[in-house]
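Enquirer: 3D model of this:
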Amino acid sequence: MAGQRFPVPRLEGVSQEQFMEHLYPQRKPLVLEGIDLGTCTSKWTVDYLSQIGGRKEVKIHVAAVAQMDFIRFFGVYFRTLPFGKLVQRAAEEKHKEFFISEDEKYYLRSLGEDPRKDVADIRKQFPLLEGDIKFPKFFKEEQFFSSVFRISSPGLQLWTHYDVMDNFLIQVTGKKRVVLFSPRDAQYLYLSGTKSEVLNVDNPDLAKYPLFSKARRYECSLKAGDVLFIPALWFHNVISEEFGVGVNVFWKHLPSECYDKTDTYGNKDPTAASRAAQILDRALKTLAELPEEYRDFYARRMVLHIQDKAYSKNFE
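Expert: Numbering: from 1, shown residues only. Below you'll find the model as predicted:
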C-alpha cells in the first residue's frame with residue numbers, strides 16, 4: 001500500500017468567486033457538490049445516449065483486463081464502433097458480441113475531428129448533447145482548451161498519469177473512485193513520460209516499486225453530479241465502480257504561449273520544460289565521456305545544483 005492517506009475535501013454550493021479567490025490558488029484537488037450541470041445527470045441514460053449518438057463511428061480502447069496498461073500496451077487494443085453500440089456494450093457486464101472476450105472492457109476518450117489538429121470538444125463532436133450539459137464557469141472563456149467525453153465499462157481502471165492543464169472531471173452518471181498523488185511525490189511514482197508504471201495502486205508490487213510506499217495518497221468517490229477539480233501536474237488514477245459517463249473540461253492555467261501549439265490532448269509538457277529536459281539529456285551525454293568515478297561525482301553535483309536552484313523552498 002501507499003503511505004499516508006488523505007480524503008479529498010468536499011464542498012457544496014461553492015461560487016465562482018469563492019473558488020477563484022480562495023480555493024483555486026491552493027492548487028489542491030477538491031470535490032464540488034451542487035454545481036448546476038444542466039439536465040445531463042438525469043437525461044444521459046444508456047437508451048438516450050445510444051439514440052442521440054447513433055451510428056457515429058468512434059475510436060475506442062478495448063481492454064482484455066480491468067487495469068489498462070498504456071506504457072507497454074499489453075492487453076489494450078484500438079477498435080472502432082458506432083457510438084450507440086459502444087454505449088450499449090460498455091453498460092454490459094458480459095457481452096454477446098465482443099472483440100476479445102465476453103469480459104472485455106471498453107473505454108472512450110473522445111477526439112477532435114482530426115486528432116492531429118483538433119482538440120476534443122463535446123459541443124462540436126456531439127452537438128445534440130450540447131444543450132444538456134453546463135460547464136462550471138469557474139475560469140475565463142479564453143482559457144478553455146477542451147471538453148473530453150469519456151465512457152467506461154464497470155470495473156475499468158485507468159493508468160496513473162498527469163495532465164499539464166487544470167481539469168474539472170464532471171461525473172455525469174455512475175460512480176468513480178479517484179486516487180491522486182501530489183506532483184511533489186513524483187520521485188516515488190516510477191514515471192515513464194507522463195505515466196506511472198505502478199498500475200495497481202491498491203496492491204502495488206513493492207518488491208519492484210519500493211519507493212511507492214512513500215507516496216501520499218489522496219482519494220475520493222464521485223457520484224452523479226459531482227465535479228472533481230484536478231490541478232495541473234497532479235497524478236490521478238480512475239476506477240469506474242459502475243458504468244458511467246463523464247466529461248473532462250481542461251483549461252489553461254499558464255499563458256497560452258507556454259504550451260506546445262501541436263498539443264491536441266493537453267498532455268505535452270510546457271515548452272520550457274521540454275527544452276530543459278533536452279538540455280539535461282545533452283548534459284548527461286556529455287558526462288558519459290568521463291570515466292565512471294568522475295561521471296558519478298559530477299552527476300551527483302548536478303542533482304544537488306538542481307535541488308538548490310530549481311526546487312521551491314518548501315519542497316519536501
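
Enquirer: got any ranges where the stretch 201-316 of the chain has weak pLDDT?
Expert: Within the stretch 201-316 of the chain, the ranges that satisfy pLDDT under 70 run 312-316.

Enquirer: which parts of it are strands?
Expert: 217-222, 227-230, 235-240, 244-251 (DSSP state E, counting those that start in this stretch).

Enquirer: okay, domains of the protein per the record?
Expert: 5-258, 271-309 (automatic domain parsing).

Enquirer: what about stretch 232-240, distance to the chain center?
Expert: Centroid displacement of stretch 232-240 relative to its chain, using CA atoms, centre = their mean, to the nearest Å, is 5 Å.

Enquirer: ok, which of the strands of the stretch 201-316 of the chain comes nearest Q4?
Expert: strand 217-222 (7.0 Å; CB to CB). In this view, the C-beta of every residue, glycine as well, is placed from N, C-alpha and C.

Enquirer: what sits up against the closest one?
Expert: Strand 217-222 is contacted from outside by 2-8, 10, 29, 31, 169, 171, 175-182, 201, 228, 241, using CB atoms under 8 Å, 6 or more residues apart in numbering.

Enquirer: show me those that map onto strands.
Expert: The strands, defined by DSSP state E, take in 5-7, 10, 31, 169, 171, 176-181, 228 from the contacts of strand 217-222.

Enquirer: Y265: which of the domains of the chain is closest?
Expert: domain 5-258 (7.9 Å).

Enquirer: filter the contacts of strand 217-222 down to the buried ones, PyMOL style.
Expert: Command for PyMOL that selects the buried part of the contacts of strand 217-222, burial taken from 16 or more other CB atoms under 10 Å:
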select buried, resi 2+8+29+31+169+171+175+176+178+179+180+181+182+201+228+241
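
Enquirer: related to what we said a few turns ago, T264: which of the domains of the chain is closest?
Expert: Nearest of the domains of the chain (CB to CB): domain 5-258, 5.0 Å.

Enquirer: do a quick rundown of the helices in this structure.
Expert: 16-18, 40-43, 46-53, 83-90, 122-125, 271-287, 292-309 (DSSP state H).

Enquirer: okay if I get the ones you listed as CSV plus distance to Q187 and mean neighbour count?
Expert: Below are these laid out as CSV (distance: least, CB to CB, whole Å; neighbours: other CB atoms under 10 Å):
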stretch, distance to Q187, mean neighbour count
helix 16-18, 34, 11
helix 40-43, 39, 17
helix 46-53, 41, 17
helix 83-90, 36, 22
helix 122-125, 36, 17
helix 271-287, 15, 12
helix 292-309, 11, 11
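
Enquirer: quick one: these as a markdown table, columns for distance to L158 too.
Expert: Output for the helices of the chain, formatted as a markdown table (distance: least, CB to CB, whole Å):
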| stretch | distance to L158 |
| --- | --- |
| helix 16-18 | 29 |
| helix 40-43 | 21 |
| helix 46-53 | 20 |
| helix 83-90 | 14 |
| helix 122-125 | 19 |
| helix 271-287 | 23 |
| helix 292-309 | 31 |
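
Enquirer: so for M68, which of those sits nearest?
Expert: Comparing the helices of the chain by CB to CB, helix 83-90 comes nearest, at 13.7 Å.

Enquirer: tell me, how many residues neighbour S192?
Expert: If you count neighbours by other CB atoms under 10 Å, S192 ends up with 13.

Enquirer: quick check: beta-bridge partners of it?
Expert: Assessed by DSSP bridges, S192 has beta-bridge partners K195.
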